[in-house]
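In: have a look; sequence and predicted model below, questions after that.
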Amino acid sequence: MTATTLPPRSARAGALTTIRRGLRLSPELRRGLPGTLALAVVATAGRVIIPVAIQQVIDRGITSSGVDMGFVMQMCALALGAVLVTAGATGWMHLRLAKVSETALSGLRVRAFRHIHDLSMLHQAAEQRGALVSRVTSDVDEISRFMQWAGLQLITNGGQALLALVVMFVYSVPLGAVVAASLPLIAVVMRWFQRRLDAAYLTVREKVGRLLAVLAEVVVGAPVIRAYGIEDRVRRRLAVAIEEHRVAGTRTGVLSSSFSGAAEVLSALVLAAVVVVGTLLAVRGSSTVGEVIAFMFLVQLFIQPIQILGEAVNEAQTAVAGWRRVLDVLDLEPDVADPGPDGVDLPNWPLGATFESVTFRYPRAGESAAEATGPAALIDVSVRIEPKQKVAVVGETGSGKTTFAKLLTRLMDPTEGVVRIGDVDVSTVRFRSLRDRVVMVPQEGMLFSGSVADNVRMGRPDATDDEIEETFRELGLDGWLEELPLGLHTPVGERGSALSVGERQLVTLARAAIADPDLLVLDEATSAVDPVTEQRINRALEGLASGRTVVTIAHRLSTAEQADRVLVFDQGRIVQDGPHAQLLAEGGVYGRLYESWRRGTSADRRGP
């Protein structure tokens with residue numbers, strides 16, 4: 001497993017191995033499969049009765065003294081009964097398989113979706129979002145289509161061909177041998193095409209994932225594309241993804257058509273051989289006319305599945321390719337795992353945090369997070385943050401501030417050392433307890449489609465409108481809320497597009513406040529907002545920080561001035577630790593950062 005690529009385990013596995021693994025991950029499908037197979041046997045057996053009835057009518061119903069209508073009617077009734085039973089079993093089988101497969105595959109979708117959310121930030125960042133979405137949507141759709149049509153065809157037509165072959169041998173060993181002699185050639189041809197179609201359909205599914213990823217970026221990034229006038233460049237990139245998909249699809253179509261053509265040729269050759277040998281046997285008297293005619297029907301029952309199997313195998317290759325891609329996601333072991341029932345809850349008192357000799361390295365290709373030997377973002381960091389302490393984390397870009405915050409909230413785990421919250425190793429804490437008591441507000445306020453109230457309730461789903469309004473009042477944001485056209489029920493648009501950057505941040509602060517965490521981690525974000533909104537954010541932050549342990553990644557050093565304590569990061573290490581005044585007197589890295597920030601703010605006030 002790697003942080004940058006999905007594991008090749010499923011890609012290396014054969015089709016049958018992939019299907020077996022997929023069935024193990026879909027217990028609903030396994031439970032319904034025996035009943036479906038039993039119905040398939042009934043449906044298949046019913047088709048063979050008709051040739052038998054025809055043979056009996058010709059050989060026994062027609063005699064030298066005339067037609068035995070009683071016997072003929074009995075055979076017709078038997079054939080009609082077989083048709084009705086076959087039709088009923090076939091319809092019930094399709095209905096049963098549709099219900100079972102959709103139930104099973106919806107469960108597979110849920111498991112894949114949950115697993116994607118369980119993956120660490122490293123995997124989330126490494127894999128294109130559109131590609132991940134395609135594994136839960138279009139790839140599972142391909143499996144669904146296979147289970148409801150092609151999979152059924154493989155079972156029923158395969159069984160039909162086998163049963164027809166057995167009955168052929170009962171009627172005539174020489175003619176049965178002619179048909180059986182064609183099986184090795186059919187198997188070789190099908191295997192040759194299957195291997196190439198396997199690789200071709202996997203490529204198509206990969207190209208679909210890439211195309212969806214590019215399309216998602218183009219749609220989401222439309223404002224930036226227009227702002228920078230890079231429509232032509234984006235169109236070229238999209239055109240490349242579309243062309244790659246077209247080429248892969250065309251190659252697969254050519255292989256698929258060739259496979260169907262080969263199946264037609266093989267079927268014609270088998271039928272021609274049977275006609276020649278059957279005619280010779282009938283002339284010599286080795287077989288009756290009824291047996292030869294029945295045999296011709298049986299040959300059709302044998303050949304027809306081979307022709308259909310060609311198309312079914314094509315569908316199967318698409319499904320197997322999709323199944324592999326879903327399994328690729330499920331094969332990823334989350335670097336940050338929920339201890340679940342074996343875990344503990346955070347203690348019920350004010351929470352502090354401790355880093356004990358913590359080092360974090362980013363994994364190189366082929367490494368897991370625990371085995372990472374890549375560049376170190378944090379190096380041997382040891383620090384204790386007391387409960388209800390206000391701590392500002394400062395440093396230049398790339399100094400390790402964000403990594404520190406992600407380790408503190410367990411979005412990632414350290415390569416070495418231990419992170420403790422409330423004196424408990426955070427890796428042993430159940431996610432539910434951790435997320436209830438520790439909340440991170442990111443720099444970019446992420447909102448979901450819905451209203452302001454809907455987004456705030458994500459902090460506490462059972463919150464009433466009155467409680468949400470009270471939260472805005474406590475943060476000093478009731479005036480802003482009244483300015484919105486529909487107040488709490490104002491739609492925020494997709495990803496919060498109906499609100500400004502600063503307004504989105506106000507909603508995320510209210511969401512964090514209503515969650516009422518004990519430890520709050522803030523990635524300060526006021527550089528892209530107007531002065532009025534900045535003042536509102538600052539007032540909200542003061543209200544949000546009251547009575548809590550707060551760790552703020554400070555981009556404005558005025559935040560550091562007001563903090564109880566400042567941690568100064570430089571090249572992955574804490575190089576200074578203390579209150580603002582003390583660090584300013586010491587100079588060093590903090591002194592340089594503060595002086596640079598002060599000059600920048602002075603220049604901003606003077607204006608151009």
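Out: Yep, it's here. Just so we're clear, the structure is a prediction, and the values are computed from it rather than from any experiment.
In: what about Ala282, neighbour count?
Out: For Ala282, the neighbour count with other Cβ atoms under 10 Å is 16. Every residue, glycine included, has its C-beta placed from N, CA and C.
In: residue contacts, it?
Out: Taking Cβ atoms under 8 Å, 6 or more residues apart in numbering, we find Ala282 in contact with Thr288, Val289, Val292.
In: isn't Pro491 up against Pro485?
Out: No. Using Cβ atoms under 8 Å, Pro491 is not in contact with Pro485; the gap is 9.3 Å.
In: that older thread, can you tell me which of the contacts of Ala282 is nearest Gly46?
Out: Checking those against Gly46 with Cβ to Cβ, the nearest one is Val292 at 22.7 Å.
In: any idea of the pLDDT on the closest one?
Out: With respect to pLDDT, Val292 scores 74.
In: now swap in Val220 and tell me
Out: Listed pLDDT for Val220 reads 68.
In: contacting residues around the nearest residue to Pro350 once chain neighbours are set aside?
Out: Distances taken as Cβ to Cβ, 6 or more residues apart in numbering put Pro387 closest to Pro350, at 3.6 Å, once the chain neighbours are dropped. Pro387 makes contacts with Trp349, Pro350, Leu351, Gly352, Thr549, as judged by Cβ under 8 Å, 6+ apart.
In: need the longest helix for this structure.
Out: Ranked by residue count, the top helix of the chain under DSSP state H comes out as helix 231-284.
In: coming back round to it: top of the contacts of Pro387 by number of neighbours, please.
Out: Neighbour max across the contacts of Pro387 (other Cβ under 10 Å) = Thr549, 24 neighbours.
In: which parts of the stretch 251-400 of the chain are helices?
Out: 289-331 (DSSP state H, counting those that start in this stretch).
In: go on, the stretch 51-200 of the chain?
Out: Using DSSP H, counting those that start in this stretch, helices in the stretch 51-200 of the chain cover 69-118, 121-126, 129-136, 138-145, 151-171, 173-181, 183-220.
In: wait, which of those helices is closest to Ile58?
Out: helix 69-118 (9.9 Å).
In: more crowded one of Pro491 and Pro485?
Out: Pro491 (16 against 8).
In: what's the distance between the more buried one and Val270?
Out: 65 Å (Cβ to Cβ, to the nearest Å).
In: can you classify Val439 by secondary structure?
Out: strand (DSSP: H, G, I helix; E, B strand; the rest coil).
In: contacting residues around it?
Out: With the criterion set at Cβ under 8 Å, 6+ apart, Val439 makes contact with Thr409, Gly459, Ala512, Ala515, Pro517, Leu519, Leu520, Val521.
In: go again using 7 Å as the cut-off
Out: Ala512, Ala515, Pro517, Leu520 (Cβ atoms under 7 Å, 6 or more residues apart in numbering).
In: swap in Ala40?
Out: Met93, Ile155, Thr156, Gly159.
In: ok, of those residues, which one's closest to Leu583?
Out: Ile155 (73.4 Å).
In: and the closest one, how many residues sit next to it?
Out: Neighbours of Ile155 (other Cβ under 10 Å): 21.
In: if I look at it, how far off is Met412?
Out: Separation of Ile155 from Met412 (Cβ to Cβ): 46 Å.
In: cool, Leu175 as well?
Out: 69 Å.
In: the inter-axis angle of the longest helix of the chain versus helix 289-331?
Out: Between helix 231-284 and helix 289-331, the angle comes out at 150 degrees (axes from the mean of the first three to the mean of the last three Cα atoms, to 10 degrees).
In: and helix 231-284, average pLDDT?
Out: Helix 231-284 comes out at a mean pLDDT of 82.
In: count of neighbours near the residue lying closest to Leu266 once chain neighbours are set aside?
Out: Spatially, and ignoring its direct neighbours in sequence, Leu266 is nearest to Ile186 (5.6 Å; Cβ to Cβ, 6+ apart). Ile186: 18 surrounding residues under other Cβ under 10 Å.
In: shouldn't Gly476 be in contact with Arg539?
Out: Yes. Taking Cβ atoms under 7 Å as the definition, Gly476 is a contact partner of Arg539 at 4.2 Å.
In: count the neighbours of Lys388 for me.
Out: 17.
In: now do Leu37
Out: Using other Cβ under 10 Å: Leu37 sits among 13 other residues.
In: in contact with it, which residues?
Out: Contacts of Leu37 by Cβ under 7 Å, 6+ apart are Ile155.
In: nice, that's everything, thank you.
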